[in-house]
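> next come a sequence and a model predicted from it.
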Amino acid sequence: MIIAILGILDMIAGIIIVFGGGLAGNTYLMYFTLIIFLKALYSIGTALAAGFPFDILGWVDLLAAIMLLLTFWGIPLGIFAWIGALIAIKGIYSFVIGFMAH
């Protein structure tokens, strides 16, 4: 169930990255970015501790945090739509896996 909730966070992050150009300087976006960054650190840290340094999903979370931070700073890039879509797809994958595991 927790995986499904984390998947929802990823879907929200992907949508914000794709459509969040007007959110520059938003305090809630900064808090959300911090949550995604902590999620990325946890994912990468636990994967490294388990001896699996190539945890792609954790690195995608870190990429999401960086893109959200750039969105907060008001620095839009043309690749944001592709990266946001990748992160949203990762969220959908996590959401589905979270419900199929039980």
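Here it is on my side, so go on.
> other SSEs contacting whichever helix in the chain runs longest?
In the chain, taking DSSP state H as the definition, the longest helix is helix 27-49. Packing partners of helix 27-49 (3 or more CB pairs under 8 Å, 6 or more residues apart in numbering; DSSP states H and E): helix 2-19, helix 56-73. Heads up, the C-betas are built off the backbone N, CA and C, glycines and all.
> gap between the closest residue to residue 67 other than its chain neighbours and residue 3?
Distances taken as CB to CB, 6 or more residues apart in numbering place residue 17 nearest to residue 67, at 4.8 Å, with adjacent residues excluded. Distance of residue 17 to residue 3, computed by CB to CB, to the nearest Å: 21 Å.
> cool, residue 9 as well?
Taken as CB to CB, the span from residue 9 to residue 3 is 11 Å.
> who has more neighbours out of these two?
For residue 9 versus residue 3, neighbours defined as other CB atoms under 10 Å are more numerous around residue 9 (19 against 16).
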